[in-house]
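Engineer: Model the following, please.
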Amino acid sequence: MKSVVAASLLAAAVVAEPSVCPFADFTPKPAGTLPKSTGTIKATIELSPDPVNKLNNYRMVGVDMDWWGPTKDKWGMCGMTNIDLNNKDLKFLVSELGGKGKGNGGSVRLGGTGADFIVYDVVEDACSPENLNKTQKPPGATWYCPLNDALAGKCLTMQKWDEVMAFMSEVDMGMIFCLNACWLRPGRNGTIDWSLTKGFLEYSAKKHWTHLAGFEFGNELYQHVDPDVYGNDYHILQTIVNETWAKYNNTNVPFILGPDDGPTGMGTQWTETLLDNAKGSIDGISVHIYLDDCATKPPGTVLNISCLNYWNQKMVPHLNPTVEKYGIKQWNMESSLVGDSGVLGISNTFRESFWYFDSLGLMAQNHFEMFGRQTLIGGDYEIIDKNTTQPNPDYWLLKVWQEVMGKTVYNTSVSCDDASKCENIRVYSHSTLDDSGKVVMILNFDMEHQFAPSINWGIAATSIDLFQFTGDVNTSVVFLNGNRLHYSGDQTLPPLTPKVLNPPESESIILPPASISFFIRNI
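Structural biologist: Below is the predicted model of the structure:
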């Protein structure tokens with residue numbers, strides 16, 4: 001991390017807020033080298049006319065924040081109890097993913113491992129050292145409720161909670177808050193002490209916050225709490241929420257998600273036992289997905305395609321029969337290519353974007369409502385760099401997704417003149433925001449070949465708007481239609497405008513190696 005003097009010198013040309021955690025440096029980074037094509041592969045893309053999914057207003061746009069403190073490697077002051085939410089650059093960049101009063105902003109999920117170590121300061125001495133110590137694993141204990149014992153107990157004051165919700169209102173994003181599901185739980189067959197949770201919910205209901213969207217309950221506890229007990233706890237939670245919000249005539253009742261774990265880890269039987277005992281109290285199955293095994297850098301492609309295929313086919317549709325049986329959808333509430341705080345040089349680069357947007361497209365086709373990208377800021381998988389307050393590639397692509405991708409999702413199919421290379425491109429299609437047209441997102445994972453796609457829109461297009469992202473996949477620099485994207489620290493973004501392709505240019509599209517492109521049909 002740079003010294004304060006070094007950071008001041010580097011940022012001297014720009015008058016800017018101190019960065020979030022805690023240095024600002026708006027100096028452009030080296031852009032690396034763009035891959036060059038050694039040949040062209042022709043592809044034919046067919047778009048299904050029939051929808052396969054209808055998304056909610058979030059349209060999969062979600063980012064995560066966490067509780068880790070400065071003692072956690074890679075986090076600095078980015079945990080929620082430490083972060084400066086009044087930082088103008090942070091507030092501006094997050095607001096650009098918000099709804100801006102249009103009702104279609106994204107969400108921020110506040111949770112992670114630390115959620116089950118949080119004590120709510122709603123009664124006298126709630127956050128006493130003695131109470132905070134009750135979150136810790138007793139010496140010699142064979143059972144422990146939280147995921148691990150890596151954190152100390154933390155206090156969430158209501159002043160800080162007010163700041164969090166004021167931030168959410170200002171950036172116009174929905175807050176999804178993970179409640180502590182371990183407080184004084186006596187064993188895997190026992191329920192929690194609900195007193196602090198009730199106080200926290202009552203405080204929140206009285207505020208009538210319109211941006212408090214939902215609650216989760218516990219983080220990755222499937223090996224620690226029996227599903228019948230855990231399911232009944234969700235029923236208790238929903239009863240408390242409904243009664244408390246009714247008490248204060250608050251009609252903005254938050255939804256409830258759970259159980260926040262890996263879809264294949266908790267398994268179908270465990271999940272359905274939990275849902276049966278929840279008695280309809282869970283509005284969506286929340287899962288966590290990391291694909292660490294696929295972060296390798298094979299020759300010829302951006303990521304290991306066979307690995308992506310294996311895990312996507314194994315994890316993404318795993319709970320589809322369950323969600324269809326119970327009439328609910330999945331919410332991927334915590335996800336990055338690499339877990340455990342990420343890996344610098346992978347999870348903060350353009351390489352990560354190929355996993356991220358492939359996953360976004362795939363999950364939108366498979367009964368998912370949300371994708372919580374781990375993280376907004378903090379760790380080495382952040383989409384806003386904590387050391388520079390500079391957006392990483394995923395931020396820029398998410399901003400364009402937010403601007404162009406609508407709620408209606410369609411299936412697609414691809415054929416190529418070289419079938420062996422066809423698996424290196426992925427194609428996804430949504431409606432436009434106003435549902436009047438279609439958007440096609442194409443990811444070219446091939447590092448050596450460009451593709452020349454012919455898109456069968458089903459109707460003649462007068463022109464096509466193109467947002468095409470390119471870059472050196474090993475860097476955090478990305479180009480939009482050939483123009484480098486860089487935030488200068490002045491609370492304005494560079495122009496994110498499409499290139500308009502008119503016939504015959506719209507009929508001779510090229511996808512460069514290692515590129516992600518959004519095509520919007522104009523009629």
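
Engineer: so where's this structure shaky on pLDDT?
Structural biologist: Along the chain, the model assigns pLDDT under 70 to residues 1-26, 523.

Engineer: Look through it and tell me its longest strand.
Structural biologist: strand 40-54 (DSSP state E).

Engineer: strands paired with the next helix or strand after that one, and their directions?
Structural biologist: Downstream of strand 40-54, the next assigned helix or strand under DSSP states H and E is strand 62-65. Next to strand 62-65 in the sheet, as set by DSSP bridges, lie strand 107-110 (parallel), strand 368-373 (parallel).

Engineer: How far does the first one sit from its chain's centre?
Structural biologist: Looking back up the chat, that one is strand 107-110. In terms of C-alpha atoms, centre = their mean, to the nearest Å, the centre of strand 107-110 is set 8 Å apart from its chain centre.

Engineer: Could you look up the next helix or strand downstream of that strand?
Structural biologist: In N-to-C order, the element after strand 107-110 by DSSP H and E is strand 118-120.

Engineer: now the residue most central in space within the chain: how far from I510?
Structural biologist: Residue closest to the mean C-alpha point of the chain, counted by C-alpha atoms, centre = their mean, is R373 at 2.0 Å. Distance, R373 to I510, using C-beta to C-beta, to the nearest Å: 29 Å. From N, CA and C alone the C-beta is placed, and that goes for glycine too.

Engineer: got it, and L337?
Structural biologist: 27 Å.

Engineer: So between the two, which is more surrounded?
Structural biologist: L337 (28 against 14; other C-beta atoms under 10 Å).

Engineer: what residues are up against the more buried one?
Structural biologist: Going by C-beta atoms under 8 Å, 6 or more residues apart in numbering, L337 touches 290-292, 294-295, 303, 346-347, 352, 355-356, 381.

Engineer: can we see that at 6 Å?
Structural biologist: 291, 295, 347, 352, 355 (C-beta atoms under 6 Å, 6 or more residues apart in numbering).

Engineer: can you check D446 too?
Structural biologist: Going by C-beta under 6 Å, 6+ apart, D446 touches 424, 513.

Engineer: From K399, how far off is it?
Structural biologist: The gap separating D446 from K399 is 25 Å, by C-beta to C-beta.

Engineer: Tell me the first helix or strand C-terminal of the helix or strand hosting Q159.
Structural biologist: Element membership of Q159, judged by DSSP H and E, is helix 158-171. Using DSSP H and E, the helix or strand that follows helix 158-171 towards the C-terminus is strand 174-179.

Engineer: Partner strands of the helix or strand encompassing I442 and their direction?
Structural biologist: Taking DSSP H and E as the definition, I442 sits inside strand 438-444. Here strand 438-444 is paired, per DSSP bridges, with strand 425-431 (antiparallel), strand 515-522 (antiparallel).

Engineer: what does it contact?
Structural biologist: The contact list for strand 438-444, computed with C-beta under 6 Å, 6+ apart, reads 354, 358, 361, 404-405, 425-430, 432, 451, 455, 511, 515-521.

Engineer: For ChimeraX, what selects the buried ones among those?
Structural biologist: Of the contacts of strand 438-444, the buried ones can be selected in ChimeraX as follows, counting by 16 or more other C-beta atoms under 10 Å:
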select :354,358,361,404,405,425,426,427,428,429,430,432,451,455,511,515,516,517,518,519,520,521
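
Engineer: And the helices in the stretch 401-523 of the chain?
Structural biologist: For the stretch 401-523 of the chain, helices defined by DSSP state H, counting those that start in this stretch do not occur.

Engineer: Please report the distance of the closest residue to K314 other than its chain neighbours from N312.
Structural biologist: Spatial nearest neighbour of K314, chain neighbours left out: T264 (6.4 Å); criterion: C-beta to C-beta, 6 or more residues apart in numbering. Separation of T264 from N312 (C-beta to C-beta) stands at 12 Å.

Engineer: With G327 instead?
Structural biologist: Relative to N312, G327 is positioned 24 Å away (C-beta to C-beta).

Engineer: Which one's more surrounded, these two?
Structural biologist: N312 (20 against 7).

Engineer: Measure how buried the closest residue to that one other than its chain neighbours is and give me the count.
Structural biologist: The spatially closest residue to N312, leaving aside those adjacent along the chain, is L362, at 5.8 Å (C-beta to C-beta, 6+ apart). Using other C-beta under 10 Å, L362 has 17 neighbouring residues.

Engineer: which SS class is L362?
Structural biologist: helix (DSSP: H, G, I helix; E, B strand; the rest coil).

Engineer: related to what we said a few turns ago, identify, from the contacts of L337, the entry nearest to K160.
Structural biologist: Each of those was checked against K160 using C-beta to C-beta; the closest is S347, at 27.9 Å.

Engineer: List of residues touching the helix or strand harbouring D260?
Structural biologist: Using DSSP H and E, D260 maps to strand 255-261. By C-beta under 6 Å, 6+ apart, the residues outside strand 255-261 that reach it are 214-217, 219-220, 222, 234, 238, 274, 282-284, 286, 331.

Engineer: Same check on stretch 63-72?
Structural biologist: Residues contacting stretch 63-72 (C-beta under 6 Å, 6+ apart): 75-77, 79-80, 108-110, 112, 114, 334, 372-376, 378.

Engineer: which among the residues you listed end up buried?
Structural biologist: So, by 16+ other C-beta under 10 Å, the buried ones in the contacts of stretch 63-72 are 75-76, 79-80, 108-110, 112, 114, 334, 372-376, 378.

Engineer: And the furthest pair within those residues?
Structural biologist: Largest separation among these by C-beta to C-beta: G76 and G372, giving 21.2 Å.

Engineer: wait, V323 sits on H367?
Structural biologist: Yes - under the criterion of C-beta atoms under 6 Å, V323 makes contact with H367 at 5.0 Å.

Engineer: ok, longest helix in the protein?
Structural biologist: In the chain, with assignment by DSSP state H, the single longest helix is helix 227-247.

Engineer: how about that helix: buried residues?
Structural biologist: Result for helix 227-247 [16+ other C-beta under 10 Å]: buried residues 227, 229-238, 240-241, 244-245.

Engineer: list the helices and strands the helix holding Q159 packs on?
Structural biologist: Using 3 or more C-beta pairs under 6 Å, 6 or more residues apart in numbering; DSSP states H and E, no helix or strand is in contact with helix 158-171.

Engineer: go with 8 Å
Structural biologist: If contacts are counted by 3 or more C-beta pairs under 8 Å, 6 or more residues apart in numbering; DSSP states H and E, helix 158-171 sits against helix 88-95, strand 174-179, helix 195-207.

Engineer: Can you check what angle separates that helix from helix 88-95?
Structural biologist: Relative orientation of helix 158-171 versus helix 88-95 (axes from the mean of the first three to the mean of the last three C-alpha atoms, to 10 degrees): 60 degrees.

Engineer: quick one: secondary structure of L221?
Structural biologist: coil.

Engineer: pretty sure it is touching A181, no?
Structural biologist: Yes - L221 is within contact range of A181, at 6.1 Å (criterion: C-beta atoms under 8 Å).

Engineer: who's more crowded, the two?
Structural biologist: Neighbour totals were compared for L221 and A181, and A181 leads with 27 against 22 (other C-beta under 10 Å).

Engineer: for that one, what are its contacts?
Structural biologist: Contacts of A181 (C-beta under 8 Å, 6+ apart): 115-116, 145, 192, 217-219, 221, 225, 230, 233.

Engineer: mind running it again at 10 Å?
Structural biologist: 115-116, 145-146, 191-192, 197, 216-219, 221, 224-225, 230, 233-234, 237, 258-260 (C-beta atoms under 10 Å, 6 or more residues apart in numbering).

Engineer: any idea how far L93 is from it?
Structural biologist: A181 is 31 Å from L93, by C-beta to C-beta.

Engineer: hmm, back to that, what residues do V323 and H367 have in common as contacts?
Structural biologist: Taking C-beta under 10 Å, 6+ apart as the contact rule, V323 and H367 both touch 284-285, 317, 329-330.

Engineer: Now render those as JSON lines, adding neighbour count and distance to Y120.
Structural biologist: Converted to JSON lines, those look like this (neighbours: other C-beta atoms under 10 Å; distance: C-beta to C-beta, whole Å):
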{"residue": "G284", "neighbour count": "22", "distance to Y120": "24"}
{"residue": "I285", "neighbour count": "28", "distance to Y120": "26"}
{"residue": "P317", "neighbour count": "17", "distance to Y120": "37"}
{"residue": "K329", "neighbour count": "21", "distance to Y120": "29"}
{"residue": "Q330", "neighbour count": "25", "distance to Y120": "28"}
